[in-house]
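> Let me see the structure of the following:
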Amino acid sequence: MTPKAVERLLTQDARILARRDTPVIDQEIESQRQAALEIFYQWQDGLVQFQDIVPFCVVLERKVRLNHDLIKWEQQHLID
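Okay, the predicted model is just below:
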């Protein structure tokens, strides 16, 4: 998992997945995303190692992969 992949996961894919039932936000996914995002920012600031982010992202990445088609559809319709 690269920093760029983690950033995309946290700022795009997991964000869309958490908001798939707009206006209701999936609080479980969103809280996991926020926790991972906080560690990602700490890594950017040099406070933690990149490996500290990976356990958080593995769970989110699995959920994103399972919902790949839904996320793709959401991205296409959000752009239109």
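> What segments of this protein are helices?
3-8, 14-18, 27-44, 54-66, 68-79 (DSSP state H).
> most packed of those?
When those are scored by mean count of other Cβ atoms under 10 Å, the highest mean neighbour count falls to helix 14-18 (a mean of 21). All C-beta atoms are positioned from the backbone trio N, CA, C, and that covers glycine.
> Report all helices and strands that it contacts.
helix 27-44, helix 54-66, helix 68-79 (3 or more Cβ pairs under 8 Å, 6 or more residues apart in numbering; DSSP states H and E).
> returning to that earlier point: can I get the helices of the chain in TSV including mean pLDDT?
Shown next, in TSV, are these (pLDDT from 0 to 100):
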stretch	mean pLDDT
helix 3-8	95
helix 14-18	87
helix 27-44	94
helix 54-66	91
helix 68-79	77
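> Compute the number of surrounding residues for the closest residue to R19 other than its chain neighbours.
Closest residue in space to R19, ignoring its immediate chain neighbours: I25 at 5.7 Å, by Cβ to Cβ, 6 or more residues apart in numbering. Residues near I25, counting by other Cβ atoms under 10 Å, number 14.
> Surely I25 touches R15?
No. Counting by Cβ atoms under 8 Å, I25 sits too far from R15 to count as a contact (9.7 Å).
> check contacts around the closest residue to R33 other than its chain neighbours.
Nearest residue to R33 in three dimensions, chain neighbours excluded: A14, at 4.5 Å (Cβ to Cβ, 6+ apart). Counting by Cβ atoms under 8 Å, 6 or more residues apart in numbering, A14 touches I29, Q32, R33, A36, L60, K63, V64.
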